[in-house]
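Engineer: output the structure for:
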Amino acid sequence: MSDVTRRLAAGAAGAVVASAAFAVASVVAGSGAEPARASAPGDISASVPGAATPSATPADVLPDVGDDAPVPTRARLDALLRPLLSQPALGGSVSMDVLDVLTGDHLAQFGQDATRTPASTLKLLTSAAALASLGPEATLPTRAVRGASADDVVLVGGGDILLAAGKGDPRAVNGHAGLADLAEATAATLSDAGVGRVTVHVDDSLFTGPARSPRWRGTDVGSGFVAPVHAVAVDAGRTRSGKYAPRTGDPAAAAGAAFAEALRAAGVDVRGGVARETAPAGAEVLGEVRSATVGDLVEYSLTESDNTVSEVLARLVAHEEGRPATFDGVGPAIVSAVGSLGVPVTGAVLSDGSGLGDGSRVAPVTLTGILAAAASPDHPELRPILSGLPVAGVSGTLLDRFELRSERPATGVVRAKTGSLSGVSSLAGTVVDDDGRLLAFAVLADQVAATDPARRALDQVATTLAGCGCR
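Structural biologist: Residues are numbered from 1 along each chain as shown. Okay, here's the model as predicted:
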């Protein structure tokens with residue numbers, strides 16, 4: 001048993017239940033189902049906290065929640081779950097762990113010693129690492145600075161790839177900061193300096209190495225699953241509106257062009273095109289806007305299963321941990337940061353920060369360990385993981401699942417991160433059972449023949465846990 005799962009409290013368990021119930025009444029706007037994929041600059045600083053937490057207390061939501069709620073017995077769980085995990089729909093490569101969040105005891109395990117391909121449940125590792133390394137209240141800057149000459153302006157990316165091309169919306173995560181606001185501030189500074197005509201450049205040097213992973217498929221960018229990983233972008237590089245709209249091949253250049261247009265709209269004469277240029281050290285800041293908090297970004301990445309946001313958070317973790325901000329650097333940086341929380345990470349190998357690519361391996365005890373850490377009073381910084389988990393039948397990638405009458409016990413009670421790749425289906429999250437016990441669970445199956453039957457089988461596992469009075 002890890003250190004972090006030993007030190008839990010009933011109050012933390014109740015907070016998770018309250019959060020889950022609140023989510024039933026507050027469907028996340030813009031969320032949708034996760035499809036299965038077919039076969040110096042960039043510093044961060046503290047800002048205001050994210051959205052307020054719900055005021056509901058555990059007693060308001062589920063009076064029986066507490067340290068006296070009965071614990072499911074191993075024998076009963078094994079008898080219920082083993083047949084479900086042996087279904088042909090899940091294939092012959094399945095791992096599972098069920099953890100009592102209050103005590104840290106493993107109540108049911110199946111193939112627990114084997115690592116499997118996690119798909120998007122890998123985002124739990126990236127989220128935990130980002131919250132631990134960067135802090136939930138940090139924000140990411142996008143700056144305009146003076147270039148090599150007085151009439152050069154350089155757009156410097158600090159990791160915000162959810163910029164709005166127009167004005168920012170402080171209530172939003174995607175579009176929280178806007179290039180029009182940055183342009184207006186920059187135009188005012190230029191006007192004060194008597195500069196009316198400029199050349200615009202873009203500096204995305206915070207991240208290095210290839211912007212596309214060799215582990216991704218060649219169609220992933222065009223299909224809208226992910227954008228090339230740059231340090232600045234508008235709407236995560238989408239070429240039009242829509243969650244899975246195609247992405248541009250050069251998000252930083254597109255952001256630079258959008259900023260140049262915003263400067264023109266603000267009354268600045270912008271000449272020529274936009275080229276890349278590294279900003280001079282200590283360059284004068286002409287204007288700055290900041291992203292939503294890292295906590296908000298984590299919630300967004302989990303609810304929406306946003307691969308690009310997760311990849312950027314992974315690079316920022318690598319940068320913060322003193323490793324290369326590349327695909328090669330993110331895996332060791334994330335595993336190290338998660339391990340420092342006391343979460344078991346034996347055998348964990350990450351090929352990227354989102355789970356989109358091939359080659360990642362994770363054990364289910366790592367996923368349940370992260371969920372337990374997020375509920376622990378020792379790690380309040382990890383709470384956005386719990387609040388960002390999609391809610392069964394209500395939000396995010398679980399909005400269109402758990403729709404059968406037999407699955408109703410799970411609706412609004414199961415909160416879980418989904419994972420889907422060709423041949424892979426996974427589900428990891430929290431559930432309050434029928435006796436009021438908070439459990440963390442993770443199921444990984446990486447030899448499935450078809451996605452839809454595998455998802456239904458995973459949903460049956462979660463529903464069984466939700467309806468369990470397994471004494």
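
Engineer: what's the helix or strand for Thr430?
Structural biologist: Mapping Thr430 onto the secondary structure by DSSP states H and E places it in strand 424-432.

Engineer: helices and strands around that strand, which ones?
Structural biologist: Secondary-structure packing of strand 424-432 (3 or more Cβ pairs under 8 Å, 6 or more residues apart in numbering; DSSP states H and E): helix 10-24, helix 364-375, strand 415-421, strand 438-445, helix 451-466. The way it works is simple: take the backbone N, C-alpha and C, and place the C-beta from them, glycine included.

Engineer: how does it look with 6 Å?
Structural biologist: Counting contacts by 3 or more Cβ pairs under 6 Å, 6 or more residues apart in numbering; DSSP states H and E, strand 424-432 packs against strand 415-421, strand 438-445, helix 451-466.

Engineer: chain center to stretch 375-385: distance?
Structural biologist: 15 Å (Cα atoms, centre = their mean, to the nearest Å).

Engineer: what stretches of the chain score poorly on pLDDT?
Structural biologist: 1-66 (pLDDT under 70).

Engineer: try it again at 90.
Structural biologist: By pLDDT under 90, the low-scoring segments of the chain are 1-70, 111-114, 242-243, 403-405, 408-409, 468-471.

Engineer: how about the helices in the stretch 51-200 of the chain?
Structural biologist: 58-61, 74-85, 123-133, 179-192 (DSSP state H, counting those that start in this stretch).

Engineer: doesn't Ala79 make contact with Thr464?
Structural biologist: No: counting by Cβ atoms under 6 Å, Thr464 stays clear of Ala79, with 10.7 Å between them.

Engineer: more crowded one of the two?
Structural biologist: Each of Thr464 and Ala79 has its neighbours counted (other Cβ atoms under 10 Å); Thr464 has more, 20 against 12.

Engineer: mind listing what's buried along stretch 436-446?
Structural biologist: Gly436, Arg437, Leu438, Leu439, Ala440, Phe441, Ala442, Val443, Leu444, Ala445, Asp446 (16 or more other Cβ atoms under 10 Å).

Engineer: using TSV, lay out those residues together with distance to Gly347.
Structural biologist: Formatted as TSV, those follow (distance: Cβ to Cβ, whole Å):
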residue	distance to Gly347
Gly436	33
Arg437	28
Leu438	26
Leu439	23
Ala440	19
Phe441	19
Ala442	14
Val443	17
Leu444	12
Ala445	17
Asp446	14
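
Engineer: so Val202 sits in a helix?
Structural biologist: No: secondary structure of Val202 (DSSP: H, G, I helix; E, B strand; the rest coil): strand, not part of a helix.

Engineer: which residues does it bridge with?
Structural biologist: Under DSSP bridges, the beta-bridge partners of Val202 are Leu155, Arg276.

Engineer: and for His218, the neighbour number?
Structural biologist: Not His; residue 218 is Gly. When neighbours are counted by other Cβ under 10 Å, Gly218 registers 8.

Engineer: for it, which three-state class applies?
Structural biologist: Secondary structure, three-state DSSP: Gly218 is coil.

Engineer: which parts of the stretch 301-450 of the chain are helices?
Structural biologist: Using DSSP H, counting those that start in this stretch, helices in the stretch 301-450 of the chain cover 307-320, 327-339, 364-375, 383-388.

Engineer: returning to what we had before: dump the strand holding Thr430 to CSV, restricted to CA.
Structural biologist: Output in CSV follows, covering the C-alpha atoms of strand 424-432 (Å, rounded to 0.1, in the frame of the first residue of the first chain):
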residue,chain,number,x,y,z
VAL,A,424,-7.9,-0.3,-26.4
SER,A,425,-10.7,0.6,-24.0
SER,A,426,-10.2,1.9,-20.5
LEU,A,427,-12.1,3.5,-17.6
ALA,A,428,-10.7,4.9,-14.4
GLY,A,429,-12.5,6.9,-11.7
THR,A,430,-14.5,7.1,-8.5
VAL,A,431,-17.8,5.6,-7.5
VAL,A,432,-19.9,5.7,-4.3
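
Engineer: any idea how far it is from the chain center?
Structural biologist: So, by Cα atoms, centre = their mean, the centroid of strand 424-432 is 15 Å from its chain's centroid.

Engineer: what's the angle from it to helix 451-466?
Structural biologist: Relative orientation of strand 424-432 and helix 451-466, computed by axes from the mean of the first three to the mean of the last three Cα atoms, to 10 degrees: 20 degrees.

Engineer: what are the pairing partners of strand 424-432, and which direction each?
Structural biologist: strand 415-421 (antiparallel), strand 438-445 (antiparallel).

Engineer: how's this protein carved up into domains?
Structural biologist: With domains defined by automatic domain parsing, the chain comprises 3-135+295-466, 141-290.

Engineer: highest mean neighbour count out of those?
Structural biologist: domain 3-135+295-466 (a mean of 22; mean count of other Cβ atoms under 10 Å).

Engineer: from the chain's centroid, how far away is it?
Structural biologist: 10 Å.

Engineer: what's the distance between the spatially closest residue to Gly355 that is not a sequence neighbour and His176?
Structural biologist: Once flanking residues are discounted, Gly355 sits nearest to Leu122: 3.3 Å by Cβ to Cβ, 6 or more residues apart in numbering. Per Cβ to Cβ, to the nearest Å, Leu122 is found 25 Å from His176.

Engineer: try Gly369
Structural biologist: For Gly369, the distance to His176 equals 31 Å [Cβ to Cβ].

Engineer: if we can go back for a sec, and the helices of the stretch 51-200 of the chain: which comes nearest Asp250?
Structural biologist: helix 179-192 (16.1 Å; Cβ to Cβ).

Engineer: which residues sit against that closest one?
Structural biologist: 144, 163, 165-168, 258-259, 262-263, 266-268, 286-287, 289 (Cβ atoms under 6 Å, 6 or more residues apart in numbering).

Engineer: widest-spaced pair of the residues you listed?
Structural biologist: Leu163 and Gly267 (20.7 Å).

Engineer: hang on, isn't Val349 packed against Val362?
Structural biologist: No: contact between Val349 and Val362 fails when scored by Cβ under 6 Å: they sit 8.0 Å apart.

Engineer: what sits against the residue nearest to Phe110 when sequence neighbours are not counted?
Structural biologist: Spatial nearest neighbour of Phe110, excluding adjacent residues (Cβ to Cβ, 6+ apart): Met96 at 4.1 Å. Each residue near Met96 by Cβ under 6 Å, 6+ apart is listed here: Leu85, Phe110, Pro364, Val443.

Engineer: thanks a lot, see you next time.
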